[in-house]
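Q: Pasting a predicted model and its sequence here:
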Amino acid sequence: MKANLISTFTKHIAFVIVVIALWEWGARTGVIDQSFVGSPLGIASFTYTNLLNGRLRGDLGWTMLSVTLSFILGSAAAIGVGLVFVTWPKFEAFCDPYVSALNVLPRIAMVPLFILWFGLGIGSKIAMGFSLTFFIVLSSTVAGIRGISQDHVTLTKTLGATSRQLFFWVTLPGAVPVLFSGLRLGLIYAFLGVVGAEVIASERGLGQQLAYLASTFAIDGVWSLLLDLALVGVFLMKVMNWLERRLLHWQ
Amino acid sequence: MIDIKQLNLSFDGVNDVLSGIDFHLGSGEFVAIAGPSGCGKTTLLNLCAGLVEVPEGQHISVASKAPMLGGHDVAYMLARDSLFPWLSAIDNAAFGLKVRGVPESEARVRAQTMLKRVGLAGYEDALPKALSHGMRQRVALARTFAMPSPLLLMDEPFGALDAQTKLQLQDLLLQLCQDSERSVLFVTHDLAEAVALADRVIIMSSRPGRVIADVAVPLSRPRSIRQLQTNDAFHQTYAAVWRHLEEGWVHHEG
């Protein structure tokens, strides 16, 4: 088993090295146009400079702050509204057409409006991330709570549990698996929304730097930032996986 | 413990679910209710637990009071183990006590004692996913018996178990009841189980559920499931219960 894993890993390393070597060779000999696809050494050089001059750290910090705030605010609001919906289904039925309409609206089309309302700074990015996270977490909150075992509810009621005990001891832990899958997706969408909004118009952030580099044909820089974004995405997933193992170890 | 007089119940006001039920469960008595699927056995249990509202003008008394959801006189055990998968065996066993306000440390001590009693010493920290069906149902028994409620309502608690595990748990239930002297109302569709465990077996007809027979079980306590297999009185009572059930079918079809 271990030998198999090492063998697979070696194959991937070899594949990546071959692709990079061919890419660099093609770029140097003019087989492929460097001004459109860049070159691995150029990407490495840009990444090194971007790291050293502190630009990457600043923009990454800015983007991550927007992602974190939009995720926390969006999730908290969604869980709150989800609880209201579950408690008052008639209110949910009343709100359903509006929620559905807002949910299917391509949120990226709202960026100009968010910029108008909240400016080019972090406010419009948080609004964008919030608008995506909110609906995802809302539906998982409602589904999670509605999906809890009715046997658990019945049993707890027969024991004479208070509403508070029922909620914190049964409903909430029972809803966590479905809720967590919504939170995982919500975090990814917060990241997508924030970077998307930064690409359209922003003062700072990885998306803003990416848009600037693309507009000046600095392709090595664009690749470098795409790599950074992929790494951030992987990091966010790792964080959620770690949290999932902690919270849902009982599954 | 339970007193029901001429109870009629309908959920839609047109079709009766229960009709003219007369029933009494004395203190320390173990009564099994058997009958065909859908005859209202569980509904009757739910009425006693306060899960179904008693219709106006109907008489049901549980522990000398009207049935009340969450009353401390009653402990309810469901057909499935209904353990909370995020709680360990000991926390599941202590759950009922904690809900009823017993301090955490005391609840855990009582739960631990009960887990030992049901043969799960050493499994206190195990999560339900690590336990077999039989072990999970043992935890559920520990949770039910950890509470000092004098009346136990049990809804086919061994219905989903394999034959061998079922016999082991029936034996365990007999021992637990003998130790603690509770009153038990036990719903089952397994006639052998009803006769083996109970002092009396109530036979219900198909819907609308009526009591068609109340059969006394002439078996002394303490009992052992293994010994019952060769006991003539057990087989005669089983045959009598069968006969009543068949008469109920003929009556219903007729």
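A: Perfect, I can see it now.
Q: so what's the residue of the stretch 1-150 of chain B found nearest chain A up against?
A: Nearest to chain A in the stretch 1-150 of chain B, going by Cβ to the nearest Cβ, is B:G70, at a distance of 2.6 Å. The C-beta positions use only the backbone N, C-alpha and C, and glycine is treated the same way. Counting by Cβ atoms under 8 Å, 6 or more residues apart in numbering or on different chains, B:G70 touches A:157-161, B:50.
Q: Count the residues that sit near residue 30.
A: No chain was given, so I picked chain A. 8 (other Cβ atoms under 10 Å in any protein chain shown).
Q: meant chain B, my bad for not saying
A: Counted with other Cβ under 10 Å, B:F30 comes out at 22.
Q: just A:I20 next, same as before
A: Quick note: A:I20 (other Cβ under 10 Å) scores 15 neighbours.
Q: which bits of chain A sit near chain B?
A: Within chain A, the residues that sit near chain B (Cβ under 8 Å from any Cβ of the partner chain) are A:149, A:151-152, A:154-161, A:165, A:169-170, A:173-174, A:176, A:250-251.
Q: In PyMOL, how would I select the buried members of those?
A: Of the residues of chain A next to chain B, the buried ones can be selected in PyMOL as follows, counting by 16 or more other Cβ atoms under 10 Å in any protein chain shown:
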select buried, chain A and resi 152+154+155+156+157+158+159+160+161+165+169+170+173+174+176+250
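Q: Can you point out the buried residues in stretch B:106-123?
A: B:107-108, B:110-112, B:114-115, B:117-118, B:120, B:123.
Q: middle-most residue in chain B, spatially?
A: Nearest to the geometric centre of chain B sits B:M154, at 2.1 Å (Cα atoms, centre = their mean).
Q: what's downstream of the helix or strand that residue falls within, the next helix or strand?
A: According to DSSP states H and E, B:M154 maps onto strand B:151-155. Next along the chain after strand B:151-155, taking DSSP H and E as the criterion, comes helix B:163-180.
Q: quick one: average pLDDT of that following helix?
A: Averaged across helix B:163-180, pLDDT comes to 88.
Q: Grab the nearest non-local neighbour of the closest residue to chain B within chain A.
A: Closest contact between chain A and chain B, by Cβ to the nearest Cβ, is at A:G160 (2.6 Å). Of all residues not flanking A:G160 in the chain, B:G70 sits nearest, at 2.6 Å (Cβ to Cβ, 6 or more residues apart in numbering or on different chains).
Q: Identify each buried residue in the helix or strand A:I17 falls within, please.
A: Here A:I17 sits within helix A:2-29, counting by DSSP H and E. Neighbour counts using 16+ other Cβ under 10 Å place A:23-24, A:27 of helix A:2-29 among the buried residues.
Q: which helices and strands sit right next to it?
A: Packing partners of helix A:2-29 (3 or more Cβ pairs under 8 Å, 6 or more residues apart in numbering or on different chains; DSSP states H and E): helix A:34-37, helix A:40-52.
Q: for that helix, the distance to its chain's centre please.
A: 29 Å (Cα atoms, centre = their mean, to the nearest Å).
Q: average model confidence for that helix?
A: The model assigns helix A:2-29 a mean pLDDT of 89.
Q: and the angle for it with helix A:40-52?
A: Interaxial angle, helix A:2-29 versus helix A:40-52 (axes from the mean of the first three to the mean of the last three Cα atoms, to 10 degrees): 100 degrees.
Q: Which positions within whichever strand or helix holds A:L187 qualify as buried?
A: Following DSSP H and E, one finds A:L187 within helix A:172-200. Under the neighbour-count criterion of 16+ other Cβ under 10 Å, helix A:172-200 has A:172-200 buried.
Q: same question, stretch B:68-77
A: B:69-77.
Q: Same check on stretch B:98-108?
A: B:98-100, B:102, B:107-108.
Q: Show me what from chain B comes close to chain A.
A: Checking chain B against chain A by Cβ under 8 Å from any Cβ, the hits are B:49-51, B:69-72, B:74-76, B:78, B:80, B:82, B:84-87, B:95-96, B:99-100, B:127-129, B:147.
Q: Tell me where chain B is predicted with low confidence.
A: B:248-254 (pLDDT under 70).
Q: Next, count neighbours for B:F158.
A: 25.
Q: Quick check: chain neighbours aside, which residue is closest to it?
A: B:K166 (4.7 Å).
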